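Asker: Sequence first, predicted model second:
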Amino acid sequence: MEQLSIQTSSRDELIDITHIISQHVQKSGIISGLVFCFVPHTTAALTINENADPDVKRDLLYKLKKEIPHEDGYLHAEGNSDSHLKASLFGFSEQILIEKGQLVLGQWQGIYFCEFDGPRNRNLILKVQSFDKN
(Lines give C-alpha, C1' and ligand atoms only; values in the text may rest on other atoms or scores of the structure.)
Protein backbone atom coordinates (compact mmCIF):
# COMPACT_ATOMS: atom_id res chain seq x y z
CA MET A 1 0.00 0.00 0.00
CA GLU A 2 1.24 3.47 -0.85
CA GLN A 3 -0.02 6.86 0.28
CA LEU A 4 0.53 9.71 -2.15
CA SER A 5 0.13 13.43 -1.65
CA ILE A 6 -2.06 15.43 -4.04
CA GLN A 7 -1.87 19.23 -3.86
CA THR A 8 -5.03 20.92 -5.12
CA SER A 9 -5.23 24.57 -6.12
CA SER A 10 -8.96 25.41 -6.28
CA ARG A 11 -12.10 24.88 -4.23
CA ASP A 12 -13.59 22.72 -6.99
CA GLU A 13 -11.17 20.94 -9.27
CA LEU A 14 -10.73 17.73 -11.27
CA ILE A 15 -7.10 16.63 -11.54
CA ASP A 16 -6.11 13.95 -14.05
CA ILE A 17 -4.05 11.46 -12.02
CA THR A 18 -3.98 8.68 -14.62
CA HIS A 19 -0.23 9.08 -15.16
CA ILE A 20 0.49 8.94 -11.41
CA ILE A 21 -1.45 5.69 -10.98
CA SER A 22 0.05 4.24 -14.16
CA GLN A 23 3.58 4.96 -12.88
CA HIS A 24 2.86 3.13 -9.62
CA VAL A 25 1.42 0.16 -11.48
CA GLN A 26 4.51 -0.04 -13.72
CA LYS A 27 6.81 0.32 -10.70
CA SER A 28 5.01 -2.60 -9.01
CA GLY A 29 5.96 -4.95 -11.85
CA ILE A 30 2.51 -6.55 -11.76
CA ILE A 31 1.43 -7.86 -15.16
CA SER A 32 -2.16 -8.86 -14.40
CA GLY A 33 -4.11 -7.55 -11.45
CA LEU A 34 -6.04 -4.69 -9.95
CA VAL A 35 -5.19 -1.30 -8.53
CA PHE A 36 -7.41 -0.03 -5.70
CA CYS A 37 -7.49 3.75 -5.35
CA PHE A 38 -8.97 5.30 -2.21
CA VAL A 39 -9.39 8.88 -0.99
CA PRO A 40 -9.55 9.11 2.84
CA HIS A 41 -11.39 12.44 2.84
CA THR A 42 -15.08 13.35 3.06
CA THR A 43 -14.91 16.32 0.67
CA ALA A 44 -12.79 14.79 -2.11
CA ALA A 45 -13.50 11.89 -4.45
CA LEU A 46 -12.38 9.86 -7.46
CA THR A 47 -13.99 9.32 -10.84
CA ILE A 48 -13.22 7.94 -14.28
CA ASN A 49 -14.28 10.05 -17.23
CA GLU A 50 -13.14 11.45 -20.57
CA ASN A 51 -9.68 12.99 -20.55
CA ALA A 52 -9.38 13.99 -24.23
CA ASP A 53 -11.42 17.20 -24.14
CA PRO A 54 -10.83 19.57 -21.18
CA ASP A 55 -14.36 20.94 -21.63
CA VAL A 56 -15.69 17.73 -20.06
CA LYS A 57 -14.07 18.69 -16.73
CA ARG A 58 -15.41 22.22 -17.06
CA ASP A 59 -18.91 20.96 -17.85
CA LEU A 60 -18.91 18.54 -14.89
CA LEU A 61 -17.83 21.25 -12.46
CA TYR A 62 -20.29 23.75 -13.97
CA LYS A 63 -23.24 21.38 -13.57
CA LEU A 64 -22.22 20.37 -10.04
CA LYS A 65 -22.03 24.02 -8.94
CA LYS A 66 -25.41 24.69 -10.53
CA GLU A 67 -27.18 21.67 -9.00
CA ILE A 68 -25.36 21.67 -5.65
CA PRO A 69 -24.60 25.32 -4.84
CA HIS A 70 -22.13 26.33 -2.13
CA GLU A 71 -24.86 28.15 -0.16
CA ASP A 72 -28.30 26.52 -0.05
CA GLY A 73 -29.55 26.66 3.54
CA TYR A 74 -27.40 23.76 4.73
CA LEU A 75 -27.11 23.19 8.49
CA HIS A 76 -23.54 21.82 8.66
CA ALA A 77 -21.53 24.35 10.69
CA GLU A 78 -18.31 24.17 8.64
CA GLY A 79 -19.95 25.67 5.55
CA ASN A 80 -18.90 22.89 3.20
CA SER A 81 -22.04 20.76 2.95
CA ASP A 82 -21.98 21.08 -0.82
CA SER A 83 -18.50 19.52 -0.78
CA HIS A 84 -19.70 16.51 1.22
CA LEU A 85 -22.65 16.03 -1.15
CA LYS A 86 -20.49 16.20 -4.29
CA ALA A 87 -17.90 13.79 -2.89
CA SER A 88 -20.59 11.31 -1.85
CA LEU A 89 -22.13 11.39 -5.32
CA PHE A 90 -18.80 10.63 -7.00
CA GLY A 91 -17.48 8.15 -4.43
CA PHE A 92 -14.23 7.66 -2.58
CA SER A 93 -12.68 4.77 -4.48
CA GLU A 94 -12.03 3.29 -7.90
CA GLN A 95 -10.75 -0.12 -8.98
CA ILE A 96 -8.93 -0.41 -12.27
CA LEU A 97 -7.87 -3.65 -13.93
CA ILE A 98 -4.25 -4.16 -14.93
CA GLU A 99 -3.39 -6.26 -17.97
CA LYS A 100 0.03 -6.60 -19.61
CA GLY A 101 1.35 -4.19 -16.97
CA GLN A 102 -1.00 -1.39 -18.10
CA LEU A 103 -4.20 0.14 -16.74
CA VAL A 104 -7.30 -1.15 -18.53
CA LEU A 105 -9.12 2.02 -19.51
CA GLY A 106 -11.17 3.00 -22.53
CA GLN A 107 -9.50 5.04 -25.26
CA TRP A 108 -10.79 8.36 -23.91
CA GLN A 109 -10.86 7.53 -20.19
CA GLY A 110 -8.77 9.04 -17.44
CA ILE A 111 -8.78 8.82 -13.65
CA TYR A 112 -9.57 12.04 -11.82
CA PHE A 113 -8.98 13.23 -8.29
CA CYS A 114 -12.01 15.39 -7.45
CA GLU A 115 -11.44 18.28 -5.06
CA PHE A 116 -14.58 19.90 -3.68
CA ASP A 117 -13.24 21.83 -0.66
CA GLY A 118 -9.80 23.09 -1.60
CA PRO A 119 -7.24 24.16 -2.02
CA ARG A 120 -5.70 21.51 0.20
CA ASN A 121 -2.99 18.93 0.50
CA ARG A 122 -4.80 15.60 0.07
CA ASN A 123 -3.95 11.93 0.32
CA LEU A 124 -4.49 9.18 -2.20
CA ILE A 125 -4.02 5.56 -1.14
CA LEU A 126 -3.08 2.96 -3.76
CA LYS A 127 -2.95 -0.81 -3.40
CA VAL A 128 -1.80 -2.91 -6.35
CA GLN A 129 -2.85 -6.54 -6.24
CA SER A 130 -1.59 -9.27 -8.56
CA PHE A 131 -3.77 -11.93 -10.17
CA ASP A 132 -0.67 -13.94 -11.07
CA LYS A 133 -0.07 -17.12 -9.10
CA ASN A 134 3.71 -16.59 -9.03
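Answerer: Sure, I can see it.
Asker: which residues of this structure score low on pLDDT?
Answerer: The chain contains residues with pLDDT under 70 at 134.
Asker: got a list of contacts for the longest helix seen in the chain?
Answerer: Scanning the chain for the helix with the most residues, using DSSP state H, yields helix 55-67. Helix 55-67 is contacted by residues D12, E13, L14, N49, E50, K86, Y112 when judged by C-beta atoms under 8 Å, 6 or more residues apart in numbering. From N, CA and C alone the C-beta is placed, and that goes for glycine too.
Asker: and if we set it to 10 Å?
Answerer: 10-16, 47, 49-51, 53, 82, 85-86, 89-90, 108, 110, 112, 114, 116 (C-beta atoms under 10 Å, 6 or more residues apart in numbering).
Asker: Name the residues of the longest strand along the chain that are buried.
Answerer: Scanning the chain for the strand with the most residues, using DSSP state E, yields strand 121-130. The neighbour-count criterion (16 or more other C-beta atoms under 10 Å) identifies R122, L124, L126, V128 as the buried residues of strand 121-130.
Asker: want to throw the residues you listed into TSV with distance to I21?
Answerer: As requested, the buried residues of strand 121-130 are exported to TSV (distance: C-beta to C-beta, whole Å):
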residue	distance to I21
R122	15
L124	9
L126	7
V128	9
